[in-house]
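Asker: show me the folded form of this:
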Amino acid sequence: MKIQPGYLYHIKDEFFYIVDDKTLMQNHERGKQRPTYFTIRDNGILWFIPLSSKVDKYQKIIDKKITRYGFCNTILIREIMGVDHAILLQNAFPTLEEYIDHVHKVNEIPAKVIDKLKNEITRDFKKLLKLKEKNINVFYTDIDKIMRKLEELKLKT
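Answerer: All right, here's what the predicted structure looks like:
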């Protein structure tokens, strides 16, 4: 499967078992799949950013951050394929192509965000990565731990 940045994907459960990181978003209840993920490729790394339909929950978090800091660049609320979603930049994590299960489809059409939104998400995500490089970590996931685990997996293959 060719992974295309800007499309939405689902990740195999196997990845979550191997990485064993409790900060990653868990399976949906009632037999549904894990969250849908927006994809970015940056410096050869494949990043996944979870989307959530719990817009009201995340709007409250955004409002608190704006009150406290004057802005919020870790969560975006935007329309994707006609539905509002919370785009959880703060919950992003790297993975490998082999752990991607399938592209998300709506009416049998692969789900892709519009280029303007893709560019906005990518820009904001790269800002968060630059902050991390300066030892200002705004990510909930332990990106470094996951990267080490992925490197171990690559060495074994």
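
Asker: give the next helix or strand downstream of the helix ranked longest in the chain.
Answerer: Longest helix in the chain by number of residues (criterion: DSSP state H): helix 115-133. Downstream of helix 115-133, the first helix or strand assigned by DSSP states H and E is helix 143-156.

Asker: so for that following helix, what gets flagged as buried?
Answerer: Within helix 143-156, the residues that count as buried by 16 or more other Cβ atoms under 10 Å are Ile143, Ile146, Lys149, Leu150. C-beta coordinates here come from the backbone N, C-alpha and C atoms, glycine included.

Asker: what's the model's confidence in the longest helix of the chain, averaged?
Answerer: Taken as a whole, helix 115-133 has a mean pLDDT of 94.

Asker: which residue lies nearest the spatial centre of the protein?
Answerer: Ile49 (0.9 Å; Cα atoms, centre = their mean).

Asker: how far does the host helix or strand of that residue sit from the chain's center?
Answerer: Assigned by DSSP H and E, Ile49 belongs to strand 45-52. On the basis of Cα atoms, centre = their mean, to the nearest Å, strand 45-52 sits 2 Å off its chain's mean C-alpha point.

Asker: buried ones in that strand, by neighbour count?
Answerer: Result for strand 45-52 [16+ other Cβ under 10 Å]: buried residues Leu46, Trp47, Phe48, Ile49, Pro50, Leu51, Ser52.

Asker: contacts only, for the residue nearest to the centre of the chain.
Answerer: By Cβ atoms under 8 Å, 6 or more residues apart in numbering, the contact set of Ile49 is Tyr37, Phe38, Thr39, Ile40, Ile87, Leu88, Leu89, Asn91, Ala92, Ile121, Phe125.

Asker: by neighbours, which of those residues wins?
Answerer: Phe38 (29 neighbours; other Cβ atoms under 10 Å).

Asker: which residues touch the helix or strand containing it?
Answerer: Applying DSSP H and E as the criterion places Phe38 in strand 37-42. By Cβ under 8 Å, 6+ apart, the surrounding residues in contact with strand 37-42 are 3-11, 46-51, 87, 92, 113, 121-122, 125-126, 129.

Asker: what bits of the chain have low per-residue confidence?
Answerer: For the chain, residues meeting the criterion pLDDT under 70 lie at 26-34, 156-157.
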